[in-house]
Structures are given as C-alpha cells and as structure tokens.
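J.: This is a predicted model, with the sequence first.
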Amino acid sequence: MIYREAGQFKTTYGSDQAIFPILQDRIFVGLVLVAAALVPLVADEYWLQAILIPFLIYALAALGLNLLTGYAGQLSLGTGGFMAVGAYSAFKLTTAFPALNILVVFLLSGLIAAGVGLVFGVPSLRIKGFYLAVATLAAQFFLIWLFNKVAWFVNYAPSGTITAPPRTVLGVMVTGPQSSAGVRYFVALGFVVVFALVAKNLVRGRIGRSWMAIRDRDIAAEIIGVRPLQTKLLAFGVSSFYCGIAGAELVFLYLGSAETLAFDIGLSFLVLFMVIIGGLGSVLGSFLGAAFIMLVPIFLTNAPHTLGLNLPVALQKQMELMVFGGLIIFFLIVEPQGLARLWQITKEKLRLWPFPH
Amino acid sequence: MKVRTLLIGALAIALAAGPLALSALAQDKSIFIPLLVYRTGAYAPNGIPSANGFNDYFNLINERDGGINGIKIVFEECETQYDTKQGVECYERLKAKKPVLVNPFSTGITYQLIPKASVDKVVIHSAGYGMTASADGRWFPWVFNFPMTYWSQASAFVKYVGAQEGGMDKLKGKKLVHVYHNSPYGKEANPTLETLAKQFGFELTLLAVDHPGQEQKSTWLQIRRINPNWIYISGWGVMNQVAVKEAASIGFKMDHVVGNWWTGTEVDVIPAGDGAKGYKSMNFHAPGAGFKVHQDIFKHLYDKGNGAGRRDGIGEVLYNRTIINAMLDTEAIRLAMTKFGNKALTGEEVRWGMENLNITEKRLEELGMKGIMRPLRVTCENHEGNGLALVQQWDGKKWNVVSDWIEPMREIVRPKLEEAAVAEGGKLGYTKRDCSKEK
Amino acid sequence: MTEALLAVLRPFADIVSGPAFFVEVLIGGIAAGLMYSLVALGFVLIYKASGVFNFAQGVMVLFAALTLVGLMERGVPVPLALALTMLVMILLAFAIERVVLRPLVNQPYIILFMATIGLNFFLEGFGEMAWGANVKKLDVGIPDRSFMVKGVQINQLEMFAALTAAVLVTILAVFFQRTRIGRALRAVADDHEAALSIGIPLKTIWVVVWSVAGLVAIVAGVMWGAKSGVQFSLSLIALKALPVLILGGFESVPGAIVGGLIIGVGEKIGEVYWGPLVGGAIENWFAYVLALAFLLVRPQGLFGEKIIERV
C-alpha cells in the first residue's frame, strides 16, 4: 500500500536507471542520511567514539572486501594487512608532508594500498577457490612482519607504534586527541557514503558485471571476452584501496595510535565474517554485517547491566561469546544468504502489504 | 515467517536500545577507579591474579580503613581480553563515571590512552610497563610508570649477570641472548642491551619470537647453536610457558635463564614442571604471602568470604604486583587529599598526588609491606621513580628472592629515555614543561 | 649486489660446515611439521567428508584438551579420562550435526564455513566457562627428556608425537580407502544430494566424521598441550596448520602429512639459516610463501583433488 510503484513513470533513461528508482526508497534513504548527519547532536561521546566511528570504518573495510570476495569471487584473508598498509602509509605521508590535507593523505594511502593489493593479487590467475586464501594470508603475515621489522615505517620511534598527529581541515581539528568525536564521525561518514556510492555504481556497471562473470563462470567469462587478468587485478586493486583508507581511518579517526597487533589475522577474519553475515555480493550487506558484528557484542556486554544482573566479568564475556556464536548460527539458518537478503525479502513483502499475494 | 520477522524486529530494536542503557553512578563520597582486566582469552592466566590483586587491595582499604580518609574507592571491572579495541571501548564507557586514574595493564591499551589522558584529565599509571619514555614527566605529565621501566630493568639484568660472573669486566666475551616477543613490548629492552653490549664487550644476539609464540623450535635450535652464557626473555602469555619448557627441554642451565618481570610468574613454569626448577626472573618487588598486608587481606576479606580469588593465589607474583600497584595509587590519592582536602578528588588533584609521591620505609611498615618493595620517590621530571630491581628464582614450588636490591644503571638509561621522550612527545604535539616553575 | 648475493648464499656454506646441527634442525622441522599435521588432519577429515572447512577445529582441539585436563584434575585416572573425553567429543559431534549441519544441508560452502565460525565463538565461551581460563598442566605420562644421538639432540616427547601422528595418519588413510564407511564419506563430500539419493545416511555419516575429527583433536590437544600447557592459545595453532592444509590439499590425508613435513622442515631451515639475515621471526609468512610457491605449480595442493573446470 505504501511501497508501491504505481503512478511513478520514468520519462528518461537516466531516471529509469537510477540507483533508487522508487520514490519511497529515495525518501527512506534521504531520511537515513539526514538522521546520520544529525546523530552527533543527540549521541554522547561514548556512542560516537566507541560505536559509530568504528562501525563506519569497518563498514568501509567490509565494503572493500565484499567487492573482492562477494562480487569478484576471490577469497581474501589479507584485509588486515592491506589496512595496515593504508595506516602506515598515511602515517608516513602525513609526517613527511605535514601541510598536506589529511583527506588527501587518506586517498593517497588508499592508492598505495591498492598498489600492494595488485601485487598480491597476481597469484589469483593460477590459484582458485579456497586455495587463493594462501596468497592473501602470505600478504597478511608478510606485511605485518615488514611493519614490525623495518623501523623506518614508524619513523624510528622507540615505542614501535604509529600515532595520529593533530591535523586540521579548514581550521577544524580532525585528528589527534584534541579533535572532537563529532568531527571525526562526519569525516568517516563522508568517506563511507561517497565510497558506497562509488561501489554501488561500480557493481551496477560494466566492471561489476565482469567481476560477477568471473565469480560465477570464469572460463565462460574469458570466452566471451572478459579478460581475467585485468578484471581480477582490478578487483584486488579497488578492494585494497577501500581497505587502505579504512585502515588509515582506523588509526587516525578511531584508535589514535596503533601497533601491528591491531592489524593481525584476527582483523582479517573479523571483516570476512562481516561480509559473509551481511551478505556476499551486496553493498547494503557490508553495512548490515558490520553493524551486526560490531553492535551485538557491545549489546551483549551491556545487556546484563540493564537487566540488573551483576555477573562477574569473566562469565559475562564467556556468555557473550556463546550467545554471539549462537546468533550467527541462528541467522545463518534463518537466512543463509545473509542479512541483506532478509532486507530484500522485507522490501518484497512490503510491496504487497497489506495483501498476502 | 511471521515468527521470524517478529524475532528479527525485536532483535533490531533491542540492538539499537542496548548501548543506550548505561547506568550512571552518583558519586559524591567516593572516588571511581575503572579496572581494565582480562579474565578471559589468551592472557587470562596472567590477568586473573592481577585483577584479584586490585580487587582485594581496594576492598581492603574500604573494609579495614573505611576508605581513604572516609572516601570510599568505587571500582568496576571491565573485560578487555587484552585487546586494544576492547580496551578503548571499556575506557570510553567507564569515562562517564568520572574516573580519576586508570591502570590499563596492557602496553597496547596504554598507548591508546596516553593521548586521551591529558584531554580527559585521567591519570594513567602503567606500573612497570607501557611507554618507557613517559618516565620523563616533563613531557608526559599525566602518565606514570613507577616503580621501574623496561630499560632500567634491562640494565639491572646486565648488572646481575656481571655480579654473577664475578665483576662487570668479566662480561667481556660472554654471550647473551635476548629472546623477545616480536612486538613493541618485546623490543623495549633491545636498545639498552645493545648499548650495554658495546660498553661491556659482551656478544648479544637478539632472537624474535612471532606472536603468539606457541611454537619456538627454531629459536631454541639457534640458541643451541650459539650456546650462550645467559638468556634473557621478554615474553607474555603462552610464549612464556613455551620458552621455559623449551629451555628445559634442550637441557639449558635454568639458573642462567632470566625472564623479565612479566615472564616470571607461577603460570609460566607450570607446563615445564620439574624442568623449570632454577629458572630465574627479574622483579621489582618480593613474591610470597608472608607480609603483614597479606594477613590483613586474609583477616578482613577472605575469612569473611569476600576475597576476589582463591586463598592460595595470595602471594603470587602478579597478585603482589597489583596490590603494590593499588597501594601506590591509594597512597597518591591520600597524599593529594592532604593538599586538596578529604573529598572526592578530581583527576588533576590525583595527578599532583602521583607526581609528589614519597613512600618512606616507615610508611611501608605501616602499610604492612615492609620488605616487599623499597621506598619510592616520584618527582616531576622522574615519573619512573627510584625503584630497585631484584632477582627471584623458582624452586619447584614457589618463587624466592635470590639477590639483593639492584640499582639500575640510571646514568646510562636516563639520557636515552629523555631522547625518546622528546621524540614521542613531539609526535603527539606536546611541549616540554618546566618543572621548576611548578610546585 | 654481490654483497646481497653472498649473504643469501652463505647459509648454504653454514649448512655444509655444521652437518650435525643441520640434522638437528631437520629433525626439529620434521617433529614440528608432524605436530602441525595432527591439527591439519582434523580439518582434512571434515572437509573430505562434508566439504565444510571447519573453522572451529582449533577450538575443538582446545576444548578436547580442556575436558581431558579438567577430568584429570578432578582425580579421574588417565585412561578413564581419555575415554570420557572421547565420549564428550562424540556427544559434541551429535550436537553439531543436529543444530548446525542438518538445517544447513546443501547450502553453499561459504555459509557452512560461517556456521563453523559461529561454532568457534560458542565453543570458545563454553569451554572457558566450563573449565576456567587458567593454564593447566597436561601430563598423560609421556616422557619428556632430551638425549644425544651422535651429536644430535633428540627430544622424547617430540618423537612420541611424531610416531603418534604417523600411526594416526596410516589408520585414517586405510579407513578412507578400504572400509565401506570411508567410501560413504567420500561420496558425501562429493555431493550431498546424490549421496542421499543412493541411500547413504547423511546424519550418521556426519556424526561419524565429526567424532573422528574430535578424536584427532584430542590427540592434537594432548601433544600440543604437553608443550605449552592447556590454555586458550592452543586454539591458535589452527593458523599454523593452515599452510599445511593448503600445501597438501584440503581433502588429502597423506597430503596433511607430506604438507606438514614440507612446511615444518622448510620453516625451520628458513628461520635458522636465512632468518638472521632479515632480523628473524620470518617463520609465519615463510610457511605461507612456501605454500604459495607450491600452489603456483600445483594449484590444488600437492595431493588435492584436481578441480575440474566446466565452461
């Protein structure tokens, strides 16, 4: 009744091919964006600092990985390593060129990460399926070892950590301990919205279709003229670009300082879980998966407090793990194709509502 | 389908509402101290006695003394699993309760919190860990790492080896190996050891062990080939247990294997069993439960059933470490109260207390800690204090002190520390303050 | 340039000049490799028989070891404790089949992989809640002394572990090749629906295979737990077994052994001789680079099933 296309006629090709062709969709997305922009006015520091900013950062990383694994079908376990490349190159760039706008630094570090991703994507031409994970795992461990070993990356700091120096954009402090969480939230939000738009258009267009062709039937794709080398490498490059920026944001906008342990294999798995649970091959899925993996543990940590139970912290954490694992299995049984598919089903049902069919 | 949608809808709402519901405590007659602990996960075996020590000492102060001059200590544990991100989340959540000081108990989390300390006005006490450079209080007014830092510890270790070999001049030509965790924490001692190697002429080999250190065969094969005189271990977690076990397996003289103060706990010698007898480690306090403060803990807490851990856990190395840590914090608060009054203090006021801390021999005796540690004095320039180290040895059942109190080579360590402070402070955009101007 | 070349070649001279030590490194590598194989075997079993990459295998090793030690700590004698632990792992297999596998029959493998991740979290929390988070000493009576043989040091525990791994692999290889159940397992791995249609009881097969994987987990847990004490980090050895798995092929039992040997020996030789050139601690990525090198030649692992590509 509400969600009907009736009466919406498209008169140009452009409006027909829009990302959100239905007016109700556009209104909904618009409302979401407005709400997202107004969040800093209502949310307190804890919400912004510990929940929303990491959510946006992980969403960006999940988006990158989804492009590679969900759309191009190349399993990658090197997300942590590529994020580390982004973070460390951003650190080196900004300490070497302090006058350079930090947003430009993020973009440049993304490009460097893309370059590294291209290099480690080369084995994908020979190796397929689960086995490809080995190339990205080699990347993961090698990159972490490299950043640990070569002191040049941390500017020879005795502590071995990189720290986000204070940087301003248009006079507003964006990084460093003096920056407000609201400003950092907006930067992260800006990046993620822009890049989600870019990703959506990428996957709707020729490039995305070539990725999906390689994913589904790579030999047939090659026969009809999709060039596997360029396509796969492009996927690796774009995905690493996203992950690199996410990594730089992780250090500059969220953690403030990091050592290599922050980018270890656990992070790679975490982002992969977000992508799988959110839905492989779906831009929205990256967001939903990131929200799920990020928010559920926090909710589970805080739930006993709200319910008035005062459990010892160890028991709380263990139960949190158990419930979290149980929830993952539950959601997979309910909808194996991920949370994005659930959303799709909801929309389909909404079109008919209140009629049953 | 209906059930499914309802469930999902409920979950969505609950997810959104969950983090909003955070309880806030009213505090007018209490001081809040968050406890970042790790009772689960890979580092739980070490985290549990540490957490218990804090719990017990703060509870003791509240029970036995009625708080610090009548002001109760309110503390809340938050589980970090030694993970930096969870540590940040814990800190941000507990910030709402206006903490005055925090013990991150993890070098990684300490690095995260250091930039926030001066902004949030929360003191960071990283006792015996964290950023060594923060010992220079002129650059890091809000960060304290007394009673001792890693660099001082390394120099104390070399001093001990020299003493064992018959004199510092006898070190020439000897072979020392540093087995370290491949992380900033593990690498801390390396620059100091390298400087001392050049100065005293011993051969130093640095062997990194990759995280987590579950498998160290190649490291110990290399050690067999080098056949060193002494081994120094900077590890944490499972790396410690495996290192001790491997050392025992290759038949190395255990009394020439010395771990740093995070590598010498009861937990680390469990898997090696009898093979670990003779293993030594550094420490900055005495182990064991034979001190008066332990009697008090038994009397006021455990005998009434209010103890945080097991009875036989009292006196363990990490347990003692955190009761001392807690004692230093409470004494700093007490000192601050002499200047600012007996009330719920702010972070600024507690910071002053930490910076001017002076624990005398007499005070240690009053606290029931005579002999556990040496008197300590903290100054504006020196946030490391003048702590001393000692060496303890495992005899198969417990740790015993086997050396006198060792003074670290401060004349070598301090200049390098000041250099590092300039670098680290500059990175954060700090400026050096003038201690003589403040009093 | 020649400097670098000489530096890379010098370790070869090192090897030749110290043969006894080289043998020690070799033996150490073989022992370590076989320990990795023990863990890899669990993965192979489950992948071979259900096509699922069981992310929770590491935690199952931990859980098995925790149960065993927990029982022993409560005074149960070792043989009985072992038997009870086996029973627990079989019950676990039943539970997993009922709750996780049955509802997800015939779903894409990546979804099943994710389900095992959920299982991983669950067992992590459950194991710790049930048995505590402390380090526990594991002593099932395996002697652990080192003795010298012609200038080469050999460790009893490692030899025992190597022998156990070899025996286990032989038994499993025979099991899969010769017995009826083994053939049924391979049929199920090939195609769930086809196997169902010819009457192979999927549920029973899955319980059998997860139980056997559980038993392998017990053995792996005992061997690794004896080295480091039973604690959470035990679950992280699954990561060390990953290159072994990839190198040997996901569905090959002999591949797990051969892969383990190659990775173990390669790792140790690389770390001991070439590691110091670049500052050490290269083991982790060296293993993966080694596996990658082999994969470039044989893209489905040394003994893996050839992936038949269809247009």
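T.: Arrived safely, thanks for sending.

J.: Now residue B:268. Nearest residue, chain neighbours left out?
T.: Nearest non-adjacent residue to residue B:268, counting by CB to CB, 6 or more residues apart in numbering or on different chains: residue B:240, 4.0 Å away. Any C-beta I mention is one placed from the backbone N, CA and C, and that applies to glycine too.

J.: and chain B, which residues reach chain C?
T.: B:39-42, B:44-45, B:48, B:182, B:206-210, B:212, B:214-215, B:217-218, B:221-222, B:224-225, B:237-238, B:241-242, B:245, B:249-251, B:267, B:270-271, B:273, B:275 (CB under 8 Å from any CB of the partner chain).

J.: Keep only those of the residues you listed that are in strands.
T.: B:206-209 (DSSP state E).

J.: Check those and tell me the two furthest apart.
T.: B:206 and B:209 (10.8 Å; CB to CB).

J.: got any residues that touch both of these two?
T.: residue B:180 (CB atoms under 8 Å, 6 or more residues apart in numbering or on different chains).

J.: For the stretch 201-311 of chain C, list the residues in contact with chain A, please.
T.: So far as CB under 8 Å from any CB goes, the stretch 201-311 of chain C lies against chain A at C:239, C:242-243, C:246, C:250, C:278-279, C:281-282, C:284-285, C:288-289, C:291-292, C:295-296, C:299-301, C:304, C:307, C:309-311.

J.: which residues of chain A fall in strands?
T.: A:162-163, A:167-169, A:172-175, A:257-258.

J.: hang on, the earlier thing: quick check on the residues of chain B next to chain C: which are buried?
T.: Those of the residues of chain B next to chain C that meet the buried threshold are B:39-42, B:44-45, B:48, B:182, B:206-210, B:212, B:214-215, B:217-218, B:221-222, B:224, B:237-238, B:241-242, B:245, B:249, B:267, B:270-271, B:273, B:275, by 16 or more other CB atoms under 10 Å in any protein chain shown.

J.: looking at the strands of chain A, which is closest to residue C:5?
T.: strand A:162-163 (33.7 Å).

J.: ok, that closest one near chain B or not?
T.: Yes. Interface with chain B: strand A:162-163 contributes residue A:163 (CB under 8 Å from any CB).

J.: Could you give the separation of that strand from the chain centroid?
T.: Chain-centre distance of strand A:162-163: 22 Å, with CA atoms, centre = their mean, to the nearest Å.

J.: Distance-wise, check whichever residue of the stretch 1-150 of chain A sits closest to chain B relative to residue C:123.
T.: Residue nearest to chain B within the stretch 1-150 of chain A (CB to the nearest CB): residue A:50, separated by 4.2 Å. As defined by CB to CB, to the nearest Å, residue A:50 lies at a distance of 27 Å from residue C:123.

J.: repeat for residue A:259
T.: Distance of residue A:259 to residue C:123, given as CB to CB: 29 Å.

J.: Which helix or which strand is home to residue C:154?
T.: Element membership of residue C:154, judged by DSSP states H and E, is strand C:152-155.

J.: ok, residue A:111 - contacts?
T.: A:241, A:244.

J.: do the same with residue C:296
T.: Residue C:296 neighbours (CB under 8 Å, 6+ apart): A:123, A:126-127.

J.: Around residue 187, how many other residues sit close by?
T.: Answering for chain A, as no chain was given. Residue A:187 is flanked by 23 other residues according to other CB atoms under 10 Å in any protein chain shown.

J.: I was after chain B.
T.: Neighbours of residue B:187 (other CB under 10 Å): 21.

J.: Phi first, then psi, for it.
T.: phi -80, psi -10 (degrees, to the nearest 10).

J.: and it, what is it in contact with?
T.: A:160, B:180.

J.: Out of the buried ones among the residues of chain B next to chain C, list just those in helices.
T.: Among those, DSSP state H puts B:44-45, B:48, B:217-218, B:221-222, B:224, B:238, B:241-242, B:245, B:249 in helices.

J.: From those residues, pick the one nearest residue A:348.
T.: Of these, the one sitting nearest to residue A:348 (CB to CB) turns out to be residue B:44, at 46.8 Å.
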